[in-house]
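S.K.: 3D model of this:
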Amino acid sequence: MGRDKALLRLDGRTLLARSRDILERAGADRVFISGRPEEEDGIADLLPHAGPPGGLYSVLAHLRRKEGLDGSPLLLIPVDMPYLEVEAVARLPQALGGAAAARYQDEVFPCVFRATAALHAHLREIFEEAPELGGKRSMKALLAWTEAVTVAKNGLPDTMFMNVNQPGEWEAVPGGE
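M.R.: Take a look at the predicted model:
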């Protein structure tokens with residue numbers, strides 16, 4: 001993108017503020033922000049540039065140290081999904097049931113994982129092997145490893161799951177600044 005996507009503005013708010021709001025309105029008790037220790041409930045990345053799996057690992061390590069890993073659901077959303085709405089995020093914990101993770105059919109994000117010692121240990125193990133992204137260190141691989149429940153979109157538009165990675169994509173977002 002060439003600039004910090006979290007600070008892009010949509011309808012006058014940063015994508016980071018919008019994401020926090022979506023999570024809170026979806027029922028999140030707290031919102032952790034991976035890779036942004038300067039933010040309220042921000043957490044430093046243990047493995048910088050390790051993508052979303054590295055961010056999840058950092059959050060799990062933080063929780064393990066501070067509160068313990070009790071199986072609570074952790075909703076994960078990236079900031080670069082400008083069409084994502086509360087409804088899509090709120091459905092995931094409800095669909096989780098006794099599963100270790102849940103995601104929408106044919107999508108990676110948003111997703112939800114249970115904060116467990118097993119997931120933390122698995123992430124620690126795969127990052128000790130090698131810190132590079134891809135393979136076992138991808139979100140798709142983590143969702144497969146946890147045997148994530150697949151949730152039907154049930155009328156949610158595909159645009160809701162789009163992310164923006166290029167300046168041209170961002171310029172096409174209505175309300176994007």
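S.K.: any idea what L74 is bridged to?
M.R.: Under DSSP bridges, the beta-bridge partners of L74 are F113.
S.K.: that one contacts L56, doesn't it?
M.R.: Yes. With contact defined as CB atoms under 8 Å, L74 counts as touching L56 (7.4 Å). No exception for glycine: its C-beta is placed from N, CA and C like everyone else's.
S.K.: quick one: the strands in the chain?
M.R.: Assigned by DSSP state E, the chain shows strands spanning 9-10, 13-14, 33-34, 42-43, 73-76, 101-104, 111-114, 149-151.
S.K.: hmm, who's touching the fourth one?
M.R.: Read that as strand 42-43. Contact with strand 42-43 is made by 32-37, 58-59, 62, as judged by CB atoms under 8 Å, 6 or more residues apart in numbering.
S.K.: what strands flank it, and is each parallel or antiparallel?
M.R.: The pairing partners recorded for strand 42-43 under DSSP bridges are strand 33-34 (parallel).
S.K.: so which residue is dead centre in the chain?
M.R.: Centroid check for the chain by CA atoms, centre = their mean gives L76 as the closest residue, at 2.5 Å.
S.K.: just the pLDDT for it.
M.R.: According to the prediction, L76 has pLDDT 96.
S.K.: didn't it look like it was pressed against V112?
M.R.: Yes. If you go by CB under 8 Å, L76 and V112 touch, sitting 7.0 Å apart.
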